[in-house]
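**Student:** Have a look at this fold, sequence not included:
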């Protein structure tokens, strides 16, 4: 998830022009995303992100974006009760979640294979966080202050304690912060 220093994932009118790749390519971030796709075999999307992605990605090529082929070929599960069907161009690898979020994610986690990744969707991330379904957060902290817009996280009923286990700084000033909920990864001080 790309997030501004002041915690926003989109501007007041949904603007994403502050993100890397929107007129200012970031080859290091692109390389990280390419490596990320080597570690996942399922994408999870909410309704808004699915609709945004489905308008661009199914026809994109690696000429448009280096990760296009990997993103397009990765199976997708869309959490969108208001939609009756989902499509992903010629790949035909998107499906609507049919069960509860807990049931769907537990089934995905029990399957052999690689990791599951959520792309975008603050509403989905917030609800999955509240249900304890997210094991790791990768936040690309973008060096910009928007002063308003859509927040990544809003109010939770219970505090969620995270363990910072990895940071990576890119020459563009973007910093990748990776947090874990479990002791799978040691903290920087080794605990």
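**Tutor:** Arrived safely. Please read all numbers here as calculations on a predicted model, not as lab measurements. Numbers count the residues shown, from 1 in each chain.
**Student:** ok, the residue positioned nearest the centre of the chain - contacts?
**Tutor:** Centroid-nearest residue in the chain: residue 119, 2.6 Å away (criterion: Cα atoms, centre = their mean). By Cβ atoms under 8 Å, 6 or more residues apart in numbering, the contact set of residue 119 is 43-45, 49, 53. All C-beta atoms are positioned from the backbone trio N, CA, C, and that covers glycine.
**Student:** Tell me where the chain has strands.
**Tutor:** Assigned by DSSP state E, the strands in the chain fall at 2-4, 8-10, 40-46, 76-79, 94-96, 115-118, 136-142, 150-151, 163-169, 175-180.
**Student:** Residue 181 - how many residues pack around it?
**Tutor:** 16 (other Cβ atoms under 10 Å).
**Student:** Now do it against residue 168, distance only.
**Tutor:** According to Cβ to Cβ, to the nearest Å, residue 181 stands 20 Å off from residue 168.
**Student:** Over to residue 73?
**Tutor:** Counting by Cβ to Cβ, the gap from residue 73 to residue 168 is 25 Å.
**Student:** just residue 33 next, same as before
**Tutor:** Distance, residue 33 to residue 168, using Cβ to Cβ: 12 Å.
**Student:** okay, the two: which has more neighbours?
**Tutor:** residue 33 (19 against 14).
**Student:** residues near the closest residue in space to residue 53 that isn't next to it in sequence, how many?
**Tutor:** Nearest residue to residue 53, sequence neighbours excluded (Cβ to Cβ, 6 or more residues apart in numbering): residue 45, at 6.5 Å. Residue 45: 25 surrounding residues under other Cβ under 10 Å.
**Student:** ditto for the one 10 residues further on
**Tutor:** Taking other Cβ under 10 Å as the neighbour definition, residue 55 ends up with a count of 9.
**Student:** For residue 138, give the beta-bridge partners.
**Tutor:** In this entry, residue 138 is beta-bridged to residue 178, by DSSP bridges.
**Student:** Can you check the pLDDT for the residue nearest to the centre of the chain?
**Tutor:** As predicted, residue 119 sits at a pLDDT of 88.
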